[in-house]
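Engineer: Here's a sequence, model it:
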Amino acid sequence: MSKIKRNLTSNLNPWVETKNTTDIKNRTGNLYESIAVIAKRANQINISVKEELHSKLDEFATHTDNLEEVHENKEQIEISRFYERLANPAIQATQEFLDDKIYFRKNDDDLFS
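Structural biologist: Below you'll find the model as predicted:
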(Lines give C-alpha, C1' and ligand atoms only; values in the text may rest on other atoms or scores of the structure.)
Protein backbone atom coordinates (compact mmCIF):
# COMPACT_ATOMS: atom_id res chain seq x y z
CA MET A 1 0.00 0.00 0.00
CA SER A 2 1.36 3.39 -0.93
CA LYS A 3 2.37 6.02 1.59
CA ILE A 4 -0.51 8.28 0.54
CA LYS A 5 -3.12 5.57 1.02
CA ARG A 6 -1.75 4.71 4.46
CA ASN A 7 -1.83 8.33 5.58
CA LEU A 8 -5.19 9.19 4.08
CA THR A 9 -7.11 6.16 5.23
CA SER A 10 -5.94 6.23 8.84
CA ASN A 11 -9.19 6.79 10.76
CA LEU A 12 -9.99 10.11 9.13
CA ASN A 13 -13.64 11.00 8.91
CA PRO A 14 -14.37 12.23 5.35
CA TRP A 15 -17.29 14.34 6.58
CA VAL A 16 -16.92 18.00 7.46
CA GLU A 17 -16.96 18.71 11.18
CA THR A 18 -16.82 22.06 12.89
CA LYS A 19 -13.50 22.88 14.50
CA ASN A 20 -12.79 25.25 17.34
CA THR A 21 -11.18 28.33 15.82
CA THR A 22 -9.41 29.06 19.09
CA ASP A 23 -7.52 25.77 18.82
CA ILE A 24 -6.52 26.60 15.26
CA LYS A 25 -5.48 30.13 16.23
CA ASN A 26 -3.40 29.00 19.21
CA ARG A 27 -1.01 26.99 17.03
CA THR A 28 0.47 30.07 15.34
CA GLY A 29 -0.97 32.96 17.32
CA ASN A 30 -2.95 34.20 14.33
CA LEU A 31 -5.98 32.55 12.77
CA TYR A 32 -5.11 33.75 9.26
CA GLU A 33 -1.56 32.38 9.48
CA SER A 34 -2.95 29.03 10.63
CA ILE A 35 -5.37 28.96 7.71
CA ALA A 36 -2.54 29.80 5.31
CA VAL A 37 -0.48 26.87 6.67
CA ILE A 38 -3.47 24.54 6.34
CA ALA A 39 -4.15 25.76 2.79
CA LYS A 40 -0.56 25.18 1.69
CA ARG A 41 -0.57 21.67 3.15
CA ALA A 42 -3.95 20.93 1.50
CA ASN A 43 -2.45 21.98 -1.84
CA GLN A 44 0.50 19.62 -1.29
CA ILE A 45 -1.84 16.73 -0.46
CA ASN A 46 -4.00 17.47 -3.48
CA ILE A 47 -1.03 17.51 -5.85
CA SER A 48 0.38 14.23 -4.54
CA VAL A 49 -3.00 12.47 -4.67
CA LYS A 50 -3.58 13.70 -8.23
CA GLU A 51 -0.17 12.49 -9.36
CA GLU A 52 -0.71 9.07 -7.81
CA LEU A 53 -4.20 8.76 -9.28
CA HIS A 54 -3.07 9.72 -12.77
CA SER A 55 -0.12 7.34 -12.64
CA LYS A 56 -2.39 4.46 -11.62
CA LEU A 57 -4.99 5.29 -14.26
CA ASP A 58 -2.31 5.54 -16.96
CA GLU A 59 -1.42 1.90 -16.35
CA PHE A 60 -4.84 0.87 -17.67
CA ALA A 61 -5.24 3.49 -20.37
CA THR A 62 -5.51 2.39 -23.94
CA HIS A 63 -3.99 4.81 -26.40
CA THR A 64 -6.04 4.35 -29.52
CA ASP A 65 -7.15 6.98 -31.95
CA ASN A 66 -10.64 5.56 -32.38
CA LEU A 67 -13.07 8.08 -30.88
CA GLU A 68 -16.16 6.00 -31.63
CA GLU A 69 -15.19 3.15 -29.35
CA VAL A 70 -15.80 3.68 -25.63
CA HIS A 71 -14.14 1.08 -23.47
CA GLU A 72 -14.91 0.72 -19.76
CA ASN A 73 -12.23 -0.72 -17.57
CA LYS A 74 -13.40 -2.06 -14.21
CA GLU A 75 -9.99 -1.54 -12.60
CA GLN A 76 -10.02 2.13 -13.54
CA ILE A 77 -13.51 2.53 -12.14
CA GLU A 78 -12.53 0.92 -8.82
CA ILE A 79 -9.42 3.07 -8.51
CA SER A 80 -11.45 6.21 -9.23
CA ARG A 81 -14.07 5.24 -6.67
CA PHE A 82 -11.42 4.72 -4.01
CA TYR A 83 -9.99 8.18 -4.57
CA GLU A 84 -13.45 9.75 -4.62
CA ARG A 85 -14.12 8.31 -1.15
CA LEU A 86 -11.02 9.92 0.34
CA ALA A 87 -11.47 12.90 2.60
CA ASN A 88 -11.07 16.35 1.12
CA PRO A 89 -7.44 17.57 1.25
CA ALA A 90 -8.52 20.56 3.35
CA ILE A 91 -10.05 18.23 5.94
CA GLN A 92 -6.89 16.12 5.96
CA ALA A 93 -4.64 19.17 6.29
CA THR A 94 -6.73 20.61 9.12
CA GLN A 95 -6.55 17.35 11.03
CA GLU A 96 -2.79 17.14 10.49
CA PHE A 97 -2.45 20.73 11.69
CA LEU A 98 -4.47 20.08 14.85
CA ASP A 99 -2.49 16.88 15.55
CA ASP A 100 0.84 18.80 15.21
CA LYS A 101 1.93 16.72 12.23
CA ILE A 102 2.79 19.77 10.11
CA TYR A 103 6.10 21.55 10.46
CA PHE A 104 5.96 25.24 9.65
CA ARG A 105 8.04 28.27 10.44
CA LYS A 106 7.55 31.98 10.18
CA ASN A 107 9.57 33.96 7.70
CA ASP A 108 11.84 36.31 9.62
CA ASP A 109 11.93 39.74 8.00
CA ASP A 110 15.13 40.70 9.86
CA LEU A 111 17.01 37.67 8.56
CA PHE A 112 19.34 39.63 6.25
CA SER A 113 19.50 42.95 8.10
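Engineer: secondary structure element for Phe104?
Structural biologist: Counting by DSSP states H and E, no helix or strand carries Phe104.
Engineer: Contact partners for it?
Structural biologist: Going by Cβ atoms under 8 Å, 6 or more residues apart in numbering, Phe104 touches 28, 37. Any C-beta I mention is one placed from the backbone N, CA and C, and that applies to glycine too.
Engineer: And Leu12, by the same measure?
Structural biologist: By Cβ under 8 Å, 6+ apart, the neighbours of Leu12 are 87, 91-92, 95.
Engineer: helix or strand right after the biggest helix by length in the chain?
Structural biologist: When the chain is parsed with DSSP state H, its longest helix is helix 31-60. Beyond helix 31-60 on the C-terminal side, the first helix or strand identified by DSSP H and E is helix 74-85.
Engineer: which other helices and strands contact the first helix or strand past that following helix going along the chain?
Structural biologist: The helix or strand immediately downstream of helix 74-85 is helix 89-98, counting by DSSP H and E. Under the contact criterion of 3 or more Cβ pairs under 8 Å, 6 or more residues apart in numbering; DSSP states H and E, helix 89-98 touches helix 21-28, helix 31-60.
Engineer: contact partners of helix 89-98?
Structural biologist: By Cβ under 8 Å, 6+ apart, helix 89-98 touches 8, 12-14, 16, 19, 23-24, 27, 34, 37-39, 41-43, 45-46, 49, 102.
Engineer: ok, 6 Å please
Structural biologist: 38, 41-42, 45-46, 102 (Cβ atoms under 6 Å, 6 or more residues apart in numbering).
Engineer: got a winner among the residues you listed for most neighbours?
Structural biologist: Among the contacts of helix 89-98, the one with the most neighbours (other Cβ atoms under 10 Å) is Ile38, at 24 neighbours.
Engineer: low-confidence ranges in this structure?
Structural biologist: 1-11, 14, 61-72, 108-113 (pLDDT under 70).
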